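Peer 1: starting from these lines, generate the structure:
(one chain, ligands or ions: 1)
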Amino acid sequence: MTAPSLYLAPTLDAALDALAERGTEGTPLAGGTWIMRAPIRHERLRPAYVGLGRIAELTRIAPDGDKLSIGAGATHAQLAGALAGRAGLRALADAAGRSANPAIRRAATLGGNLCTADFAAADLVPALLCLDAEVEIRSRDGSERLPLERFLALRPSLGPGRLLTRVLLPPAGGASAHVRLPLRKAGDYPTAIVSLWAARDEAGHVTQARIAVGAVEAVARRWTRLEAALAGRPLDAGDAHRLATELADDFTGRDSIEAPGWYRVGVLPALIRRAVAALH
Ligand SMILES: Cc1cc2nc3c(=O)[nH]c(=O)nc-3n(C[C@H](O)[C@H](O)[C@H](O)COP(=O)(O)OP(=O)(O)OC[C@H]3O[C@@H](n4cnc5c(N)ncnc54)[C@H](O)[C@@H]3O)c2cc1C
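Peer 2: The predicted structure follows:
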(Lines give C-alpha, C1' and ligand atoms only; values in the text may rest on other atoms or scores of the structure.)
Protein backbone atom coordinates (compact mmCIF):
# COMPACT_ATOMS: atom_id res chain seq x y z
CA MET A 1 0.00 0.00 0.00
CA THR A 2 1.38 3.47 -0.86
CA ALA A 3 1.61 6.00 1.95
CA PRO A 4 -1.10 8.69 1.91
CA SER A 5 -0.13 12.10 0.54
CA LEU A 6 -0.49 15.25 2.67
CA TYR A 7 -0.92 18.79 1.34
CA LEU A 8 -1.01 21.57 3.94
CA ALA A 9 -3.31 24.22 2.49
CA PRO A 10 -2.20 27.82 3.23
CA THR A 11 -5.66 29.33 2.60
CA LEU A 12 -9.28 28.26 2.52
CA ASP A 13 -9.46 28.69 -1.26
CA ALA A 14 -6.35 26.54 -1.70
CA ALA A 15 -7.94 23.82 0.46
CA LEU A 16 -11.16 23.90 -1.55
CA ASP A 17 -9.19 23.74 -4.82
CA ALA A 18 -7.10 20.83 -3.54
CA LEU A 19 -10.16 18.91 -2.38
CA ALA A 20 -11.94 19.52 -5.70
CA GLU A 21 -8.90 18.30 -7.64
CA ARG A 22 -8.55 15.16 -5.52
CA GLY A 23 -12.25 14.25 -5.79
CA THR A 24 -13.20 11.08 -3.91
CA GLU A 25 -9.53 10.46 -3.01
CA GLY A 26 -9.21 13.69 -1.03
CA THR A 27 -10.08 14.02 2.68
CA PRO A 28 -9.80 17.05 4.96
CA LEU A 29 -7.43 16.64 7.90
CA ALA A 30 -8.04 18.98 10.84
CA GLY A 31 -6.68 18.03 14.29
CA GLY A 32 -6.09 14.47 13.09
CA THR A 33 -7.21 12.96 16.42
CA TRP A 34 -9.86 10.79 14.75
CA ILE A 35 -7.91 10.07 11.58
CA MET A 36 -4.79 8.98 13.51
CA ARG A 37 -6.82 6.22 15.17
CA ALA A 38 -8.03 4.70 11.89
CA PRO A 39 -5.81 1.60 12.32
CA ILE A 40 -7.29 0.96 15.81
CA ARG A 41 -10.77 0.98 14.22
CA HIS A 42 -9.48 -1.35 11.45
CA GLU A 43 -10.05 1.34 8.84
CA ARG A 44 -7.73 2.14 5.95
CA LEU A 45 -6.11 5.53 5.75
CA ARG A 46 -7.34 7.59 2.78
CA PRO A 47 -5.06 8.16 -0.24
CA ALA A 48 -4.79 11.97 0.03
CA TYR A 49 -5.18 14.36 2.95
CA VAL A 50 -5.65 18.13 2.72
CA GLY A 51 -4.45 19.68 6.00
CA LEU A 52 -6.49 22.60 7.33
CA GLY A 53 -4.27 23.48 10.31
CA ARG A 54 -2.55 26.50 8.69
CA ILE A 55 -5.73 28.32 7.68
CA ALA A 56 -6.02 31.20 10.13
CA GLU A 57 -9.50 32.13 8.91
CA LEU A 58 -10.85 28.79 10.15
CA THR A 59 -9.88 29.49 13.76
CA ARG A 60 -11.70 32.83 14.06
CA ILE A 61 -14.34 33.22 16.79
CA ALA A 62 -16.13 36.57 16.33
CA PRO A 63 -19.58 38.20 16.16
CA ASP A 64 -21.26 38.19 12.74
CA GLY A 65 -24.30 40.48 12.88
CA ASP A 66 -26.38 39.25 15.81
CA LYS A 67 -24.79 35.76 15.64
CA LEU A 68 -21.56 34.35 16.97
CA SER A 69 -19.40 32.82 14.24
CA ILE A 70 -17.02 30.03 15.27
CA GLY A 71 -14.50 28.79 12.72
CA ALA A 72 -14.37 25.05 12.14
CA GLY A 73 -10.67 25.01 12.94
CA ALA A 74 -11.16 26.28 16.50
CA THR A 75 -9.91 23.64 18.92
CA HIS A 76 -11.88 22.47 21.95
CA ALA A 77 -9.42 24.37 24.15
CA GLN A 78 -9.84 27.62 22.16
CA LEU A 79 -13.62 27.27 22.30
CA ALA A 80 -13.69 26.66 26.03
CA GLY A 81 -11.47 29.72 26.61
CA ALA A 82 -13.41 32.02 24.29
CA LEU A 83 -16.84 31.15 25.72
CA ALA A 84 -16.02 31.05 29.43
CA GLY A 85 -18.42 33.10 31.54
CA ARG A 86 -21.29 33.34 28.99
CA ALA A 87 -24.29 31.71 30.74
CA GLY A 88 -26.35 31.05 27.61
CA LEU A 89 -23.39 29.34 25.93
CA ARG A 90 -22.17 27.42 28.96
CA ALA A 91 -23.29 24.09 27.44
CA LEU A 92 -20.80 24.56 24.60
CA ALA A 93 -18.00 25.89 26.82
CA ASP A 94 -18.37 22.88 29.13
CA ALA A 95 -18.67 20.40 26.24
CA ALA A 96 -15.42 21.77 24.78
CA GLY A 97 -13.67 22.14 28.13
CA ARG A 98 -14.49 18.74 29.64
CA SER A 99 -14.30 16.32 26.71
CA ALA A 100 -11.33 14.00 26.19
CA ASN A 101 -8.13 15.18 27.91
CA PRO A 102 -6.03 18.38 27.74
CA ALA A 103 -3.74 17.16 24.94
CA ILE A 104 -6.66 16.12 22.72
CA ARG A 105 -8.52 19.35 23.53
CA ARG A 106 -5.55 21.34 22.20
CA ALA A 107 -5.68 19.47 18.86
CA ALA A 108 -9.25 18.31 18.13
CA THR A 109 -11.36 20.86 16.24
CA LEU A 110 -14.98 21.87 16.08
CA GLY A 111 -15.15 20.83 12.40
CA GLY A 112 -13.65 17.41 13.09
CA ASN A 113 -16.11 16.80 15.93
CA LEU A 114 -19.13 17.64 13.74
CA CYS A 115 -17.94 15.91 10.57
CA THR A 116 -17.05 12.50 12.01
CA ALA A 117 -20.15 10.57 10.99
CA ASP A 118 -19.27 7.43 12.96
CA PHE A 119 -18.60 9.24 16.25
CA ALA A 120 -21.78 8.86 18.32
CA ALA A 121 -20.29 10.32 21.52
CA ALA A 122 -19.16 13.68 20.12
CA ASP A 123 -19.65 16.25 22.91
CA LEU A 124 -19.97 19.34 20.73
CA VAL A 125 -22.89 17.97 18.70
CA PRO A 126 -25.59 17.87 21.42
CA ALA A 127 -24.27 21.13 22.90
CA LEU A 128 -24.71 22.86 19.53
CA LEU A 129 -28.11 21.23 18.93
CA CYS A 130 -29.43 22.69 22.18
CA LEU A 131 -28.06 26.10 21.14
CA ASP A 132 -29.89 25.94 17.78
CA ALA A 133 -26.69 26.19 15.73
CA GLU A 134 -26.38 26.51 11.98
CA VAL A 135 -23.38 25.30 9.98
CA GLU A 136 -21.79 26.76 6.87
CA ILE A 137 -20.63 24.36 4.18
CA ARG A 138 -18.31 25.58 1.41
CA SER A 139 -17.11 24.08 -1.83
CA ARG A 140 -15.46 25.62 -4.88
CA ASP A 141 -18.97 26.24 -6.23
CA GLY A 142 -20.22 28.33 -3.31
CA SER A 143 -21.47 28.13 0.23
CA GLU A 144 -24.68 27.25 2.01
CA ARG A 145 -25.96 27.51 5.58
CA LEU A 146 -28.12 24.86 7.13
CA PRO A 147 -29.40 23.96 10.58
CA LEU A 148 -27.09 21.53 12.38
CA GLU A 149 -29.90 18.99 12.59
CA ARG A 150 -30.21 18.98 8.80
CA PHE A 151 -26.44 18.72 8.38
CA LEU A 152 -26.38 15.64 10.62
CA ALA A 153 -29.00 13.99 8.40
CA LEU A 154 -27.03 14.85 5.22
CA ARG A 155 -23.59 14.14 6.69
CA PRO A 156 -23.17 10.52 5.53
CA SER A 157 -23.93 11.49 1.93
CA LEU A 158 -22.06 14.81 1.75
CA GLY A 159 -20.09 14.69 -1.53
CA PRO A 160 -16.32 15.25 -1.84
CA GLY A 161 -14.83 18.73 -2.10
CA ARG A 162 -16.91 20.19 0.73
CA LEU A 163 -15.72 21.74 3.95
CA LEU A 164 -17.59 22.72 7.05
CA THR A 165 -16.16 26.21 7.49
CA ARG A 166 -17.95 27.64 10.51
CA VAL A 167 -20.80 27.35 13.00
CA LEU A 168 -23.22 30.20 13.65
CA LEU A 169 -24.97 30.62 16.98
CA PRO A 170 -28.03 32.82 17.48
CA PRO A 171 -28.02 35.23 20.44
CA ALA A 172 -28.23 33.04 23.52
CA GLY A 173 -30.31 34.47 26.33
CA GLY A 174 -31.39 31.99 28.95
CA ALA A 175 -28.99 29.51 30.44
CA SER A 176 -27.52 26.20 29.33
CA ALA A 177 -25.73 23.18 30.74
CA HIS A 178 -23.90 20.11 29.43
CA VAL A 179 -23.64 16.93 31.49
CA ARG A 180 -21.97 13.69 30.51
CA LEU A 181 -21.41 10.30 32.01
CA PRO A 182 -18.02 8.73 31.28
CA LEU A 183 -17.46 5.18 32.47
CA ARG A 184 -14.31 6.23 34.29
CA LYS A 185 -13.21 9.64 35.48
CA ALA A 186 -11.19 10.84 32.49
CA GLY A 187 -10.20 10.09 28.92
CA ASP A 188 -13.27 7.99 28.09
CA TYR A 189 -15.93 8.66 25.53
CA PRO A 190 -19.16 9.44 27.41
CA THR A 191 -21.84 6.76 27.80
CA ALA A 192 -24.60 9.34 27.55
CA ILE A 193 -24.71 13.12 27.17
CA VAL A 194 -27.46 15.67 27.90
CA SER A 195 -27.25 19.29 26.76
CA LEU A 196 -29.98 21.63 27.95
CA TRP A 197 -30.85 25.23 27.12
CA ALA A 198 -33.82 26.95 28.76
CA ALA A 199 -35.39 30.40 28.93
CA ARG A 200 -37.70 31.29 31.82
CA ASP A 201 -40.21 34.04 32.55
CA GLU A 202 -40.10 36.23 35.65
CA ALA A 203 -42.05 33.66 37.64
CA GLY A 204 -39.39 31.08 36.80
CA HIS A 205 -41.60 29.09 34.41
CA VAL A 206 -40.01 27.62 31.31
CA THR A 207 -40.93 29.63 28.21
CA GLN A 208 -38.78 27.50 25.92
CA ALA A 209 -36.45 24.54 26.37
CA ARG A 210 -34.13 22.72 23.99
CA ILE A 211 -32.69 19.41 25.08
CA ALA A 212 -30.28 17.27 23.06
CA VAL A 213 -29.11 13.76 23.84
CA GLY A 214 -25.80 12.39 22.59
CA ALA A 215 -23.97 9.04 22.71
CA VAL A 216 -27.19 7.08 23.38
CA GLU A 217 -28.12 6.52 19.74
CA ALA A 218 -25.84 6.58 16.68
CA VAL A 219 -26.48 10.30 16.09
CA ALA A 220 -27.32 12.95 18.70
CA ARG A 221 -30.80 14.43 18.51
CA ARG A 222 -33.28 16.70 20.28
CA TRP A 223 -35.64 15.27 22.91
CA THR A 224 -38.68 17.18 21.69
CA ARG A 225 -41.32 15.41 23.82
CA LEU A 226 -39.43 16.27 27.00
CA GLU A 227 -38.96 19.86 25.79
CA ALA A 228 -42.74 20.16 25.32
CA ALA A 229 -43.41 18.56 28.70
CA LEU A 230 -41.17 21.08 30.50
CA ALA A 231 -42.70 24.15 28.82
CA GLY A 232 -44.87 26.32 31.08
CA ARG A 233 -43.69 24.66 34.32
CA PRO A 234 -41.23 25.78 36.97
CA LEU A 235 -37.82 24.31 36.22
CA ASP A 236 -37.43 21.74 38.96
CA ALA A 237 -34.81 18.97 38.93
CA GLY A 238 -37.07 16.34 40.57
CA ASP A 239 -39.97 17.13 38.25
CA ALA A 240 -37.70 16.96 35.19
CA HIS A 241 -36.32 13.60 36.41
CA ARG A 242 -39.87 12.20 36.70
CA LEU A 243 -40.86 13.44 33.23
CA ALA A 244 -37.64 12.07 31.70
CA THR A 245 -38.31 8.68 33.30
CA GLU A 246 -41.80 8.63 31.77
CA LEU A 247 -40.50 9.60 28.32
CA ALA A 248 -37.22 7.65 28.24
CA ASP A 249 -38.66 5.09 25.81
CA ASP A 250 -38.29 7.78 23.12
CA PHE A 251 -34.74 6.42 22.78
CA THR A 252 -33.37 3.09 21.61
CA GLY A 253 -29.88 2.86 23.05
CA ARG A 254 -27.01 1.57 20.96
CA ASP A 255 -25.10 -1.46 22.19
CA SER A 256 -21.32 -1.24 22.11
CA ILE A 257 -18.34 -2.81 23.80
CA GLU A 258 -18.32 0.01 26.40
CA ALA A 259 -21.99 -0.13 27.44
CA PRO A 260 -25.28 -1.83 26.49
CA GLY A 261 -28.06 0.26 24.98
CA TRP A 262 -30.45 -0.17 27.94
CA TYR A 263 -27.86 1.33 30.28
CA ARG A 264 -27.36 4.42 28.09
CA VAL A 265 -31.13 5.05 28.12
CA GLY A 266 -31.45 4.17 31.81
CA VAL A 267 -29.05 6.93 32.93
CA LEU A 268 -30.85 9.69 31.01
CA PRO A 269 -33.29 10.76 33.79
CA ALA A 270 -30.37 11.20 36.20
CA LEU A 271 -28.48 13.29 33.63
CA ILE A 272 -31.58 15.42 33.05
CA ARG A 273 -31.80 16.00 36.80
CA ARG A 274 -28.14 17.04 36.90
CA ALA A 275 -28.54 19.34 33.88
CA VAL A 276 -31.53 21.13 35.42
CA ALA A 277 -29.74 21.45 38.75
CA ALA A 278 -26.71 22.91 36.92
CA LEU A 279 -28.92 25.67 35.44
CA HIS A 280 -29.77 26.89 38.94
C1 LIG B 1 -8.46 9.37 23.58
C2 LIG B 1 -9.47 10.31 22.96
C3 LIG B 1 -10.58 10.66 23.70
C4 LIG B 1 -11.53 11.53 23.15
N5 LIG B 1 -12.63 11.86 23.89
C6 LIG B 1 -13.57 12.69 23.35
C7 LIG B 1 -14.74 13.03 24.08
O8 LIG B 1 -14.95 12.59 25.21
N9 LIG B 1 -15.63 13.87 23.49
C10 LIG B 1 -15.44 14.39 22.25
O11 LIG B 1 -16.29 15.13 21.76
N12 LIG B 1 -14.32 14.10 21.56
C13 LIG B 1 -13.40 13.27 22.06
N14 LIG B 1 -12.27 12.97 21.34
C15 LIG B 1 -12.09 13.61 20.04
C16 LIG B 1 -12.91 12.90 18.99
O17 LIG B 1 -12.87 11.50 19.16
C18 LIG B 1 -12.39 13.18 17.57
O19 LIG B 1 -11.09 12.63 17.48
C20 LIG B 1 -12.34 14.66 17.23
O21 LIG B 1 -13.60 15.25 17.43
C22 LIG B 1 -11.96 14.83 15.77
O23 LIG B 1 -11.53 16.17 15.55
P24 LIG B 1 -10.23 16.43 14.69
O25 LIG B 1 -10.15 17.90 14.47
O26 LIG B 1 -9.04 15.78 15.28
O27 LIG B 1 -10.66 15.72 13.31
P28 LIG B 1 -9.80 14.86 12.29
O29 LIG B 1 -9.33 13.60 12.91
O30 LIG B 1 -8.80 15.71 11.60
O31 LIG B 1 -10.98 14.54 11.23
C32 LIG B 1 -12.10 13.76 11.60
C33 LIG B 1 -13.05 13.67 10.40
O34 LIG B 1 -13.66 14.92 10.13
C35 LIG B 1 -13.35 15.37 8.79
N36 LIG B 1 -13.18 16.82 8.89
C37 LIG B 1 -12.41 17.48 9.79
N38 LIG B 1 -12.58 18.81 9.66
C39 LIG B 1 -13.47 18.98 8.65
C40 LIG B 1 -14.07 20.12 8.07
N41 LIG B 1 -13.80 21.37 8.48
N42 LIG B 1 -14.96 19.93 7.06
C43 LIG B 1 -15.26 18.69 6.62
N44 LIG B 1 -14.74 17.56 7.15
C45 LIG B 1 -13.85 17.71 8.16
C46 LIG B 1 -12.10 14.60 8.40
O47 LIG B 1 -11.99 14.45 7.00
C48 LIG B 1 -12.34 13.26 9.09
O49 LIG B 1 -13.23 12.50 8.34
C50 LIG B 1 -11.34 12.08 21.85
C51 LIG B 1 -10.22 11.70 21.10
C52 LIG B 1 -9.30 10.82 21.64
C53 LIG B 1 -8.12 10.41 20.79
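Peer 1: please identify the buried residues of stretch 47-61?
Peer 2: A48, Y49, V50, G51, L52, G53, I55, L58, T59, I61 (16 or more other Cβ atoms under 10 Å). From N, CA and C alone the C-beta is placed, and that goes for glycine too.
Peer 1: in strands, which of those appear?
Peer 2: Among the buried residues of stretch 47-61, the ones falling in strands (DSSP state E) are A48, Y49, V50, G51, I61.
Peer 1: let me see the ranges of the helices in the stretch 151-280 of the chain.
Peer 2: Applying DSSP state H, counting those that start in this stretch to the stretch 151-280 of the chain gives helices spanning 224-230, 237-247, 261-266, 268-279.
Peer 1: what helices and strands are in contact with the shortest one?
Peer 2: In other words, helix 261-266. Contacts defined by 3 or more Cβ pairs under 8 Å, 6 or more residues apart in numbering; DSSP states H and E place helix 261-266 against strand 190-200.
Peer 1: hmm, back to that, can you put the buried residues of stretch 47-61 in TSV and add pLDDT?
Peer 2: Shown next, in TSV, are those (pLDDT from 0 to 100):
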residue	pLDDT
A48	97
Y49	98
V50	98
G51	98
L52	98
G53	98
I55	98
L58	98
T59	98
I61	97
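Peer 1: which one of these is nearest I211?
Peer 2: I211 has its nearest neighbour among those in I61, at 25.1 Å by Cβ to Cβ.
Peer 1: pretty sure that closest one is touching G73, no?
Peer 2: No - using Cβ atoms under 8 Å, I61 is not in contact with G73, being 10.2 Å away.
Peer 1: where does pLDDT dip in the stretch 1-150 of the chain?
Peer 2: Low-confidence segments of the stretch 1-150 of the chain, defined by pLDDT under 70, span residues 1.
Peer 1: what parts of the stretch 51-200 of the chain come near the ligand?
Peer 2: 52, 72, 99-100, 104, 107-109, 111-113, 115-116, 119, 121-124, 163-164, 187, 189-190 (Cβ under 6 Å from any ligand atom).
Peer 1: rerun that using 5 Å as the cut-off
Peer 2: 72, 99-100, 104, 108-109, 111-113, 115-116, 122-123, 163-164, 189 (Cβ under 5 Å from any ligand atom).
Peer 1: what sits against the closest residue to the ligand within the chain?
Peer 2: Residue of the chain nearest the ligand, by Cβ to the nearest ligand atom: G112 (2.2 Å). By Cβ atoms under 8 Å, 6 or more residues apart in numbering, G112 lies in contact with A30, G31, T33, W34.
Peer 1: what subset of the residues you listed is buried?
Peer 2: A30, G31, T33, W34.
Peer 1: got the residues you listed as a markdown table, with secondary structure and distance to the ligand columns?
Peer 2: Formatted as a markdown table, the buried ones among the contacts of G112 follow (DSSP: H, G, I helix; E, B strand; the rest coil; distance: Cβ to the nearest ligand atom, whole Å):
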| residue | secondary structure | distance to the ligand |
| --- | --- | --- |
| A30 | coil | 3 |
| G31 | coil | 3 |
| T33 | coil | 3 |
| W34 | coil | 3 |
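Peer 1: between these, which is nearest S143?
Peer 2: Checking the buried ones among the contacts of G112 against S143 by Cβ to Cβ gives A30 as the nearest, at 18.1 Å.
Peer 1: that closest one and A72 touch, don't they?
Peer 2: Yes - between A30 and A72 a contact is recorded at 7.3 Å, counting by Cβ under 8 Å.
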